[in-house]
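Peer 1: Sharing a model prediction with you, sequence too.
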Amino acid sequence: MSTALWLLAIQGALGAFDTLYYHEWRARLPGGVPGTRPELMLHAVRDFFYALLFGSLPWVAWRGAWAAVLAVIIVTEIGITLADFVVEDRVRKPLGGVFPGERCTHAVMGILYGAVLGHVAPVLLAAWQLPTELAVEPVPVPEALRLVLGLMAVGVFCSGLRDLYAALGLPGGGWPWRAADTEPRAAPAPTGGR
């Protein structure tokens, strides 16, 4: 599980970059409501799942039926991510599409998440055979890693709250962006020759 936590921390760092740079700064998604609402809702739900993973995996052993609950959370998160890939294409079309660098970031994050799951799945399978309990059992990793993952749990939870608030169209939800800030980008010039 320790390797999974290191990979999860890298995943969290890439996710923070993706959110702050692409979702907030470049696309300004919160300022694009109502058009960006579907993407923001998916991000909010996924962020809450990630907060649970970042906050619990370094500290808690999910055993018995709880291992199945964790597996359902992970599979649901994967489903949300797949839905997000489809929804963001539709939502971002009026804004000029998904940024090429963002697509690459998403691809790297998908590969990393697969590596995380490759280390978590055997632990869950073994934990499934044990009596059902959520046991406080810190994974033997440096305290600094546990602290970083805890901070990531808080950060991604707050990001989820922000996306949910903006998606619901509540007052000030798009701050600091306005709808005018999410104007479409110019389409790239066609390339090619004869």
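Peer 2: In hand now; what should we look at?
Peer 1: quick one, strands of the protein?
Peer 2: Taking DSSP state E as the test, the strands found in the chain are 60-63, 133-136.
Peer 1: Now Trp128: closest residue in space, sequence neighbours ignored.
Peer 2: Ala67 (4.5 Å; C-beta to C-beta, 6 or more residues apart in numbering). C-beta coordinates here come from the backbone N, C-alpha and C atoms, glycine included.
Peer 1: meant to ask about Arg92, not that
Peer 2: Val98 (5.0 Å).
Peer 1: Same question for Gly15.
Peer 2: Here the residue nearest Gly15, using C-beta to C-beta, 6+ apart, is Met109, at 6.5 Å.
Peer 1: OK, contacts around that neighbour?
Peer 2: Met109 makes contacts with 11, 14-15, 18, as judged by C-beta atoms under 8 Å, 6 or more residues apart in numbering.
Peer 1: Let me know the pLDDT of it.
Peer 2: For Met109, the pLDDT comes out at 97.
Peer 1: Surely Gly32 and Leu95 touch.
Peer 2: Yes: contact between Gly32 and Leu95 holds when scored by C-beta atoms under 8 Å: they sit 6.8 Å apart.
Peer 1: more crowded one of those two?
Peer 2: Gly32 (24 against 20; other C-beta atoms under 10 Å).
Peer 1: From Arg90, how far out is that one?
Peer 2: Distance from Gly32 to Arg90, counting by C-beta to C-beta, to the nearest Å: 13 Å.
Peer 1: joint contacts of these two?
Peer 2: Looking at what touches both Gly32 and Arg90 (by C-beta under 8 Å, 6+ apart), there is no common residue.
Peer 1: which residues of the chain score low on pLDDT?
Peer 2: Flagging of the chain using pLDDT under 70 yields the residue ranges 179-194.
Peer 1: Which stretches in it count as helices?
Peer 2: Ranges of helices in the chain, per DSSP state H, are 2-17, 37-56, 65-92, 100-128, 143-167.
Peer 1: by how many degrees do the second one and helix 65-92 diverge?
Peer 2: Angle, helix 37-56 to helix 65-92, by axes from the mean of the first three to the mean of the last three C-alpha atoms, to 10 degrees: 150 degrees.
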